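Trainee: Need a 3D model of the following:
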Amino acid sequence: MRRTALAALCLAAAATTALTGCLPGDNKADSKQDTSARSSKPSTPNSPKGPFPGLTGGEIAVRAIDATASASSLRMAGDIPDAESGGTLGIDMALNKQGECAGTMSVGGQGEARLVHTGDTLYMKYDEAFLRAQSEGEPKADTDAAVELLAGKWTKMSAKGSDAKDIASFCDLDTVLGDAEDGHSNATRGKTTTVDGTPAIVLHEKDGKDRYTLYVATEGEPYVLRIDSSSAEDPGTVTFGDYGKPVPVRMPAGEVLDLDELG
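Mentor: Predicted coordinates:
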């Protein structure tokens, strides 16, 4: 199914976390725009003024997606709908194209898990609220035992194991943004603004009944700074930043529980 550029990136942000938020429809009316969006030439004789002079909203959007997908590293943060749980997944994660990542995640705002992926090892630390929320429906004795064993402690497991591979794949920026470059765009230009102090232009895109708002940096590389989805079914916001910065992967100090050994 063909996706617009913004929808593809919105989906990419949740690609390996079992989310279906931001899933777009096939907007066939955009097919003509797709060709012009990848051209560096103005598509109309009356070229828009301001940032990105001579470019339509669709052309800016595609440039932004390409620049973002080409970044060596970045940080993503936001609350994204989680179709599996019916709640939201909160992420704040730095990741790069070497498969390293470091950050936090939560489900439905209930507790928090920290994670670090470096080399072939995935390190995670869960707080009590996160463990209890994820153990809902389990016998109380089992939940209490898990909390006693794991809460507040760093754990590790092989990133190639069945329990870790989905999370580990989310740490690979190429995997997360792999489909974004295949998008197209029918975006229209909006106002100029700032996102966390960075000058930006606002773009508006629709894909079937879904609506997206994209904020693109107007200075330096045209990186995506933020995407808002105002879809009634899949609302969410993801911010992007720290482009090209090293991912703060530090192996936990002190005792680390080896979950592979514990079985």
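
Trainee: CA only for contacts and neighbour counts going forward, please
Mentor: Fine.

Trainee: now for the helix or strand hosting Ala141, which elements pack on it?
Mentor: Ala141 is part of helix 140-150 when elements are defined by DSSP states H and E. Counting contacts by 3 or more C-alpha pairs under 8 Å, 6 or more residues apart in numbering; DSSP states H and E, helix 140-150 packs against helix 128-134.

Trainee: same thing but 10 Å
Mentor: strand 121-126, helix 128-134 (3 or more C-alpha pairs under 10 Å, 6 or more residues apart in numbering; DSSP states H and E).

Trainee: buried ones in that helix?
Mentor: Neighbour counts using 16 or more other C-alpha atoms under 10 Å place Thr143, Val147, Leu150 of helix 140-150 among the buried residues.

Trainee: and what of stretch 73-84?
Mentor: For stretch 73-84, a neighbour-count test (16+ other C-alpha under 10 Å) marks Ser73, Leu74, Arg75, Met76, Ala77, Gly78, Asp79, Ile80, Pro81, Asp82 as buried.

Trainee: Tell me which of the residues you listed fall in strands.
Mentor: Those of these mapping onto strands are Ser73, Leu74, Arg75, Met76, Ala77, Gly78, Asp79, Ile80, Pro81, Asp82, per DSSP state E.

Trainee: Just put these in CSV and tack on distance to Asp228 and pLDDT.
Mentor: Putting these into CSV (distance: C-alpha to C-alpha, whole Å; pLDDT from 0 to 100) gives the following:
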residue, distance to Asp228, pLDDT
Ser73, 21, 96
Leu74, 18, 95
Arg75, 16, 95
Met76, 13, 91
Ala77, 12, 91
Gly78, 10, 87
Asp79, 10, 82
Ile80, 10, 73
Pro81, 12, 70
Asp82, 16, 66
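
Trainee: just these now: which is nearest Glu59?
Mentor: When those are ranked by distance to Glu59 (C-alpha to C-alpha), Leu74 comes first, at 22.5 Å.
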